[in-house]
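Asks: here is the input, now give the coordinates:
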Amino acid sequence: MVYAVPLIIFMDDVSGNVSKQWNKHHVIYMSNANLPREMLEKEFCIRFVTSSPHAAPMELMAAMKDSIAHAAENGVDAWDCKHKEEVMLSPYGLFLGGDNPMQAEECSHAGLNCNFFCRTCHVGGTKVEKQSLAGYAKLCTPGKLRTPEETLAEIKKQASGAILAGDKLKDGVTKTGVRDATTTAVLQCIVELGKKLRKRSEGAAQLSEDEVRKQLEKELERLLQGKGIEEYINPLLGMPGLNVHLDTPTEVLHTVLLGVVKYFWSQTVFVLEKAKALQTFQTRLESVNAQGLDVPALNAEYMCHYKGGLIGKHFKSIAQVMPFAIYDLVPTTLLDAWHVLGKLVVLLWHTKIEDTQEYLVRRVFGV
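Replies: Model prediction:
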């Protein structure tokens, strides 16, 4: 019997300053996606793969990719204790977990602060375009999906343009949102050297463009240590069975709870303090029945006292009960926003979906 084993691959950076042992380093973990959710959360079901304070994230991912490819090609022999027989396991990457900055790097994307800020599609535009009525409306509709092949072609285009006059590397990132962390460091050195060589110096003849290109090509070859640029590009773009742009699911903690919910919480606290209604809000929050929230207690006093230092679990509970505590304390527009956020949080944290079709309809239309 041969079993396919889908793997959840997680990578993040860990840092600390207590001792040299905890200096910033990157780690990779794996989990078997065949396991039920209750087991996936257990520490003994999470497999440590590798860690390094020196190797870049994509260097670690390259080793991980090779390891999975080797296991998939040759198979892994195991003993099935339930059916009392020897079986073969064939692993493959299901999706890549991590926070938004790490997932952007895994997709060779510049991140949320660039013009085309989505790592999944081409939604976005210049600052002027996004601030226009038509441009803002487009932000609420999905753009053309990105593909690994398209991203790979853009990285190669940026690499070939690094030796040309002008900052083609920066222009490419601005126009597409594509930035490969592995090759950017090398190409940036070429761009800076090109600027120095093209700069006119007193008492020295200016180099021709052909001479500049020859020197830059020679320097690039030296930096690449005789290898082709393809060997330095993000290895995940060519990983079989994995589309990095689609298989990096949005990390809801920072995107939702520590993102939009936190921002609306700050605005709501500002409104309540201005209206001198924070104490009224705290009293109402204390009286809310939290039986269905699956939390020990709301702890309203703590939330109101440390209102600027709350974490994800607090915002997860707050988003679901806020409309009951602020229904007549804030403007209608702010109350409506909390209604929408409450529905969103409930849909995102479904731990068991009874009816998939009904769930998808409710998630899309927010009903």
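
Asks: count of residues packed around residue 242?
Replies: By other C-beta atoms under 10 Å, 21 other residues sit near residue 242. In this view, the C-beta of every residue, glycine as well, is placed from N, C-alpha and C.

Asks: just the helices in the stretch 151-300 of the chain please.
Replies: Listed in chain order, the helices of the stretch 151-300 of the chain (DSSP state H, counting those that start in this stretch) span 168-176, 181-198, 209-223, 252, 262-274, 278-287, 300-305.

Asks: and the longest one, what other elements does it pack with?
Replies: Helix 181-198 is packed against helix 57-74, helix 148-161, helix 168-176, helix 209-223, with contacts defined by 3 or more C-beta pairs under 8 Å, 6 or more residues apart in numbering; DSSP states H and E.

Asks: same thing with the third one?
Replies: Counting contacts by 3+ C-beta pairs under 8 Å, 6+ apart, helix 209-223 packs against helix 181-198.

Asks: got the contact list for the helix it packs on?
Replies: Helix 181-198 is contacted from outside by 56-59, 105, 108, 155, 158-159, 162-163, 165, 167-170, 206-207, 209, 212, 215-216, 219-220, 223-224, 229, 232-234, using C-beta atoms under 8 Å, 6 or more residues apart in numbering.

Asks: quick one: buried ones out of those residues?
Replies: 57-58, 105, 108, 155, 158-159, 162-163, 167-169, 207, 212, 215-216, 219-220, 229, 232-234 (16 or more other C-beta atoms under 10 Å).

Asks: now do the buried residues in stretch 297-313.
Replies: Using 16+ other C-beta under 10 Å as the test for burial, stretch 297-313 gives 298-300, 303-304, 307, 310.

Asks: out of those, which is nearest to residue 342?
Replies: Nearest to residue 342 among those: residue 298, at 14.2 Å, using C-beta to C-beta.

Asks: does the closest one touch residue 320 like I think?
Replies: No. Between residue 298 and residue 320 there is no contact under C-beta atoms under 8 Å: 10.0 Å.

Asks: residue 223: what's it in contact with?
Replies: The contact partners of residue 223, by C-beta under 8 Å, 6+ apart, come to 186, 189-190.

Asks: repeat for residue 170
Replies: Contacts of residue 170 (C-beta under 8 Å, 6+ apart): residue 191.

Asks: any idea how far stretch 327-334 is from the chain center?
Replies: From the chain centre to the centre of stretch 327-334 is a distance of 33 Å (C-alpha atoms, centre = their mean, to the nearest Å).

Asks: who touches it?
Replies: 264, 267-268, 271-272, 275, 277, 280-281, 326, 335.

Asks: again, only this time at 6 Å
Replies: 271, 277 (C-beta atoms under 6 Å, 6 or more residues apart in numbering).

Asks: could you tell me which residues within it count as buried?
Replies: Under 16+ other C-beta under 10 Å, the buried positions of stretch 327-334 are 329-330.

Asks: burial measure for residue 144, as a count.
Replies: Neighbourhood size, residue 144 [other C-beta under 10 Å]: 9.

Asks: per-residue pLDDT, the residue positioned nearest the centre of the chain?
Replies: The residue lying closest to the centre of the chain (C-alpha atoms, centre = their mean) is residue 100, at 2.2 Å. Residue-level confidence at residue 100 comes out at 89, pLDDT.
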